[in-house]
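Engineer: everything below, folded, please.
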Amino acid sequence: MFSSLHLVECVVYYALLQVYLPLYLIGIFMIKLKIVVNKIKRFTGIGCVKHSNMMPLTEGGKVEDVGCISTDEEIDFLRHRSPCYVTRMTLGVAKQLAKLVTGQQSIDLISDEQLIYTLFHTAIAYAIKWNDEKQMFCVNLCEFKDVKIFKGFYWDVRRIYVDLAKHKISIEMGNGGIFHSDSGSLHRPNYELAKLHAQICLTYYAPGFAHNYVHFVFPSAVCVYAKKQLNHEGVLFKLLAPHFRFVERLNYQALRICHATDNNQSVIDRYFCFWKSFPVNRRQFSSGIETKLHDYYIVNG
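Structural biologist: As a prediction, this is how the structure comes out:
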């Protein structure tokens with residue numbers, strides 16, 4: 001039903017478009033300009049980078065990922081991916097501001113079925129282990145204890161247990177308390193509060209911890225060295241190419257540019273950069289990823 005509150009939201013949104021629509025058009029224009037500049041680099045050879053390269057994430061570090069992007073890769077990314085970011089950073093911000101003003105910026109509590117599906121059918125599944133003591137699957141979130149986040153923010157969930165046969169969920173909190181999905185109506189609100197904490201924790205855990213070793217280093221190395229070593233007209237390269245398209249540029253952006261993860265709790269970051277949802281800055285985010293990658297590739301082999 002279209003309520004008066006939604007009408008106010010629409011009015012605020014269209015008012016904000018007076019500012020954000022020009023910003024959107026400017027953003028698209030800047031993308032087109034960057035494409036032209038990179039094509040000039042490619043044509044003249046001045047400033048043109050022929051191949052992407054792997055570099056250490058930190059000075060003296062042993063973990064390497066993409067540190068330099070080829071001009072061709074940059075053009076492809078600018079043409080086919082960058083407009084998506086401009087839309088989210090302009091028109092998307094206008095929409096979220098309108099929701100914020102009207103009190104509509106909220107997220108529903110995930111259902112038990114959705115939570116189980118999320119755990120077993122997303123990147124989080126890489127972190128699932130079988131717990132013999134409880135005879136349940138377990139997602140261990142104890143890595144949160146090492147994450148330095150802003151004052152006033154908390155990662156309270158430590159483990160999530162799932163019994164697939166009984167569709168039962170148990171959530172263990174930082175203070176040792178455990179809340180069960182099959183608890184009676186008296187304790188159900190406590191379980192749902194714990195599940196809300198789990199829902200928030202998982203939004204960071206998936207990109208911050210769960211599959212870093214799947215997303216970074218190895219895929220980046222395959223992309224970079226396949227383009228250097230394989231015949232681009234060969235069958236193997238043509239089979240691989242659709243799978244590693246954009247990968248090196250996306251990983252470069254995540255680890256080196258960090259537009260989405262450099263939250264410094266400024267007024268602009270809090271109220272105008274809705275894509276900066278994590279309570280960490282770029283150094284903390286990248287440091288956590290490097291630690292995870294170092295343990296997986298260097299320590300554990």
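
Engineer: I'd like the next helix or strand past the longest helix along the chain.
Structural biologist: If you go by DSSP state H, the chain has its longest helix at helix 4-44. Remark: after helix 4-44, the chain's next helix or strand is strand 53-56, criterion DSSP states H and E.

Engineer: quick one: residues in contact with stretch 117-133.
Structural biologist: Here stretch 117-133 makes contact (Cβ atoms under 8 Å, 6 or more residues apart in numbering) with 110, 136-140, 160-162, 164, 202, 205-207, 209-211, 214-215. Bear in mind the C-beta positions are built from the backbone N, C-alpha and C, glycine included.

Engineer: just the endpoints, please. Distance across that stretch?
Structural biologist: Here the two ends of stretch 117-133 are set 23 Å apart, with distance taken as Cα to Cα, to the nearest Å.

Engineer: check contacts around the residue nearest the centre of the chain.
Structural biologist: Centroid-nearest residue in the chain, with Cα atoms, centre = their mean: Pro207, separated by 4.4 Å. The contact partners of Pro207, taken as Cβ under 8 Å, 6+ apart, are Ala123.

Engineer: and what about it, helix, strand or coil?
Structural biologist: Taking DSSP: H, G, I helix; E, B strand; the rest coil as the rule, one finds Pro207 in the helix state.

Engineer: which residues are contacting the helix or strand in which Lys195 is found?
Structural biologist: Lys195 is part of helix 188-205 when elements are defined by DSSP H and E. Here helix 188-205 makes contact (Cβ under 8 Å, 6+ apart) with 107, 109-110, 112, 115, 118-119, 124, 127, 141, 143-144, 155-157, 160, 169, 171, 173, 177, 179-181, 183, 277-278.

Engineer: mind listing which of the residues you listed are in helices?
Structural biologist: Using DSSP H, the contacts of helix 188-205 in helices are 112, 115, 118-119.

Engineer: out of these, who's nearest Gly45?
Structural biologist: Nearest to Gly45, judged by Cβ to Cβ, of the ones in helices among the contacts of helix 188-205 is Thr118 at 48.2 Å.

Engineer: need the pLDDT of that closest one.
Structural biologist: According to the prediction, Thr118 has pLDDT 93.

Engineer: how about the strands in the stretch 101-250 of the chain?
Structural biologist: For the stretch 101-250 of the chain, strands defined by DSSP state E, counting those that start in this stretch occupy the ranges 128-131, 136-140, 157-163, 168-173, 178-180.

Engineer: give me the domain ranges for the chain.
Structural biologist: 4-105+212-299, 112-208 (automatic domain parsing).

Engineer: now list the buried members of the contacts of helix 188-205.
Structural biologist: Buried members of the contacts of helix 188-205, scored by 16 or more other Cβ atoms under 10 Å, are 110, 112, 115, 118-119, 124, 127, 141, 143-144, 155-157, 160, 169, 171, 173, 179-181, 278.

Engineer: what helices and strands are in contact with the helix or strand bottoming out on mean pLDDT in the chain?
Structural biologist: Least confident helix or strand of the chain, by mean pLDDT, DSSP states H and E, is helix 267-271 with a mean of 72. For helix 267-271, there is no helix or strand it packs on, judged by 3 or more Cβ pairs under 8 Å, 6 or more residues apart in numbering; DSSP states H and E.

Engineer: which element follows it toward the C-terminus?
Structural biologist: helix 282-293.

Engineer: and that next one with helix 188-205, angle?
Structural biologist: Angle of helix 282-293 versus helix 188-205, following axes from the mean of the first three to the mean of the last three Cα atoms, to 10 degrees, is 90 degrees.

Engineer: put together CSV for the ones in helices among the contacts of helix 188-205, with distance to Phe244 on each row.
Structural biologist: Below are the ones in helices among the contacts of helix 188-205 laid out as CSV (distance: Cβ to Cβ, whole Å):
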residue, distance to Phe244
Asp112, 37
Leu115, 32
Thr118, 26
Leu119, 27
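
Engineer: any idea how far the residue nearest to the centre of the chain is from Leu119?
Structural biologist: Distance, Pro207 to Leu119, using Cβ to Cβ, to the nearest Å: 15 Å.
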